[in-house]
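> Predicted model follows, preceded by the sequence.
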Amino acid sequence: MAKPREATAMASSPSSLSPPEIPMELHEINRSKLIKYLREHLCHSSRPLQGFVLLQGGEEQNRYCTDHAELFRQESYFAYLFGVREPSFYGAIDVATGESILFAPRLSAEYAVWLGEIKPLSYFKERYMVSKVFYTDEIVKVLHDQYHSSEKPLLFLLHGLNTDSNNFSKPAEFEGIEKFEMDLNTLHPLLTECRVFKSDLELSLIQFANDISSEAHVQVMRKTRVGMKEYQLESTFLHHTYMYGGCRHCSYTCICATGENSSVLHYGHAAAPNDRIFQDGDMALLDMGAEYHFYGSDITCSFPVNGKFTSDQCLVYNAVLDAHNAVVSSMKPGVSWVDMHKKAEITILEALKKGGLLVGDVDDMMVERLGAVFMPHGLGHFLGLDTHDPGGFLKGAKRPGEPGLKALRTSRELQERMVITVEPGCYFIDALLVPAMESSNTSKFFVPEEINRFKGFGGVRIESDLRVTANGCVNMTKVPRETSEIEAVMAGGPWSIKNPIICSENGGKR
């Protein structure tokens, strides 16, 4: 007798994972952490320990002038503190007591017809583990009634610069806000710094996002065939992470670049929509990461679409892999991220010199910033609720201005509980190579006939997500990295995310 369809599907599942329970205690911990930071700040500045942290959640957006609602994703700072998945909420924390208050939108009866049951306030109190829940039209009354002073209540509102995007956070707005005193300067730097250091519960969600994304990357490798379109690889990834990981959101727009497209750093955008048919001999560069309960992953795998590395592909790939491994093995608290970027550049330049593409002294190449010609982006960035998580530059920090270094998303020293990507790359980009090969300062380093052989090659990037520990770091990403591993997996060989991974705490490779 044939097995039921469900049993057959389960038996043939390509995933060993199942979505974990979402612990709302995570957001209680985050709120407590913020209030601790805020109280310490107020004590040091001799200010009273009173007022309310007030954040406005995200609003559902329609597509232009239509009634088509885009898939909602909560604003990240609000998600950090409250974990609310619904739009149009507000959240407050009483600085004096630590009590948390949610304000839910008051929905019309029509909501129940089109969008389902209207939940009572008690549902949100229990689900999101907050002290109290009211409606958004009660914000003024509730906060005035709860304030522990006869003075005008003080609101700490979120307003500050995101040093990755150069955009400002939007402070909360509501009818009657003029009845409060407002502080627009204190909250943003404190809350951003809270997000830089991850709790165990946060790390567990980031690890799951890495695990399911690692599995998905392996599935993509196994299904890649010459003659496919790039978007078919994107589709395979998205299907796996949603089907087996419950990841409805991707951390960012997938980059599925093959051939010369792999030298386009942010390929996959609307004008380049992952639609090329790839050819025998192409390299693929796939930068894709799933998001689970707001927490993301960011993983890049590079491999030959036909499953076998050529000598030239090995040269470039291993240059990048050596840079990746050199950085990972050096990471620990107190290490400068600027130094790690330079280490990656030096490793790649040395490999290209050994491969005959460059000549001369690598130290001289570094003085002329030749590394930025092959790796124009920064080595990595903080990761968490956003792909480019905030906090990379503290107030007053000086940004490097040199080529390559100016693209760094952080210049900080590493500290325990940071999560940061390590993503060195080596690309053959005409817009950078041609001027460098013509410049009197850098032309002497190139072997033109060898460099020209790589015209149209594209590029290689290898990206893993690392959490910094007390003594080193742990690689949260679990994909094949050695050329032999990749070729074996693409030929149908086994791979388990439970394999040991490179980790500077335990001394190196599996």
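Received it, and whenever you're ready, just let me know what you need. Residues are numbered from 1 along each chain as shown.

> how about the helices of the stretch 301-450 of the chain, start to end?
For the stretch 301-450 of the chain, applying DSSP state H, counting those that start in this stretch gives helices covering 311-330, 337-354, 362-367, 371-374, 430-438, 448-452.

> who does the third one touch, helix- and strand-wise?
The criterion is 3 or more Cβ pairs under 8 Å, 6 or more residues apart in numbering; DSSP states H and E, and the helices and strands that helix 362-367 contacts are helix 337-354. C-beta: built from backbone N, CA, C; applies to glycine.

> Distance of the residue positioned nearest the centre of the chain relative to Ser251?
Nearest residue to the geometric centre of the chain (Cα atoms, centre = their mean): Thr387, 2.2 Å. As defined by Cβ to Cβ, to the nearest Å, Thr387 lies at a distance of 5 Å from Ser251.

> Overlap of the contact sets of the two?
Common contacts of Thr387 and Ser251, defined by Cβ atoms under 8 Å, 6 or more residues apart in numbering, comprise 289, 296, 298.

> thought the first one was touching Ile206?
No. In terms of Cβ atoms under 8 Å, Gly289 does not count as a neighbour of Ile206; the distance is 10.2 Å.

> Need the residues touching each of the two.
Common neighbours of Gly289 and Ile206 (Cβ under 8 Å, 6+ apart) are 296-297.

> rewinding a little: with respect to burial, which of the helices of the stretch 301-450 of the chain scores highest?
Across the helices of the stretch 301-450 of the chain, averaging neighbours per residue (mean count of other Cβ atoms under 10 Å) puts helix 371-374 on top, at a mean of 25.

> next one: that helix to chain centre, how far?
23 Å (Cα atoms, centre = their mean, to the nearest Å).

> just stretch 183-203 next, same as before
On the basis of Cα atoms, centre = their mean, stretch 183-203 sits 16 Å off its chain's mean C-alpha point.

> do stretch 308-317 as well
Relative to its parent chain, stretch 308-317 has a centroid offset of 28 Å by Cα atoms, centre = their mean.

> Stretch 271-281 now?
Worked out by Cα atoms, centre = their mean, stretch 271-281 lies 24 Å from the chain centre.

> Can I get it in PDB? Just the C-alpha atoms.
C-alpha atoms of stretch 271-281 as PDB (Å, rounded to 0.1, in the frame of the first residue of the first chain):
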ATOM      1  CA  ALA A 271      17.400  46.700 -12.900                       C
ATOM      2  CA  ALA A 272      19.400  43.500 -12.700                       C
ATOM      3  CA  PRO A 273      16.800  41.000 -11.400                       C
ATOM      4  CA  ASN A 274      18.800  37.700 -11.200                       C
ATOM      5  CA  ASP A 275      17.600  36.700 -14.700                       C
ATOM      6  CA  ARG A 276      20.800  35.700 -16.600                       C
ATOM      7  CA  ILE A 277      21.200  32.200 -18.100                       C
ATOM      8  CA  PHE A 278      24.500  30.900 -16.800                       C
ATOM      9  CA  GLN A 279      27.000  29.100 -18.900                       C
ATOM     10  CA  ASP A 280      29.500  26.300 -18.500                       C
ATOM     11  CA  GLY A 281      32.600  27.700 -16.900                       C
END
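
> in it, what's buried?
In terms of neighbour count (16 or more other Cβ atoms under 10 Å), stretch 271-281 has its buried residues at 274, 276, 278.

> which residue ranges form the strands in the stretch 1-150 of the chain?
52-56, 90-94, 100-104, 132-135 (DSSP state E, counting those that start in this stretch).

> quick one, which of these is nearest to Glu413?
Closest approach to Glu413 among the strands of the stretch 1-150 of the chain (Cβ to Cβ): strand 52-56, 28.4 Å.

> Excluding covalently adjacent residues, which one is nearest to Ala96?
Gln50 (4.9 Å; Cβ to Cβ, 6 or more residues apart in numbering).

> Tell me the pLDDT of that neighbour.
Predicted confidence (pLDDT) for Gln50: 95.

> Run through the helices of the stretch 51-200 of the chain in chain order.
Using DSSP H, counting those that start in this stretch, helices in the stretch 51-200 of the chain cover 76-82, 109-114, 121-128, 139-146, 187-196, 200-223.

> what's the fifth one packed up against?
Identification of packing neighbours for helix 187-196 by 3+ Cβ pairs under 8 Å, 6+ apart yields helix 25-44, helix 76-82.

> just checking, what packs against the last one?
In terms of contact count using 3+ Cβ pairs under 8 Å, 6+ apart, helix 76-82 is assigned the packing partners helix 25-44, strand 52-56, strand 90-94, helix 187-196.

> roughly how far is the third one from the heart of the chain?
This points to strand 90-94. 27 Å.

> the more surrounded of Gly289 and Ile206?
Gly289 (29 against 22; other Cβ atoms under 10 Å).

> how much space between Phe309 and Val474?
The gap separating Phe309 from Val474 is 28 Å, by Cβ to Cβ.

> Likewise for Met331?
In terms of Cβ to Cβ, Met331 sits 10 Å off from Val474.

> Give me the common contacts of the two.
Common contacts of Met331 and Val474 (Cβ under 8 Å, 6+ apart): Leu466.

> quick one: low-confidence parts of the stretch 151-300 of the chain?
Counting by pLDDT under 70, the stretch 151-300 of the chain contains no low-confidence range.

> ok so, going back, can you list the helices and strands packed on helix 187-196 in JSON lines and add mean neighbour count?
Below are these laid out as JSON lines (neighbours: other Cβ atoms under 10 Å):
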{"stretch": "helix 25-44", "mean neighbour count": "17"}
{"stretch": "helix 76-82", "mean neighbour count": "24"}
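
> possible to save the ones you listed as TSV with mean pLDDT and distance to Glu59?
Shown next, in TSV, are the helices and strands packed on helix 187-196 (pLDDT from 0 to 100; distance: least, Cβ to Cβ, whole Å):
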stretch	mean pLDDT	distance to Glu59
helix 25-44	98	20
helix 76-82	98	11
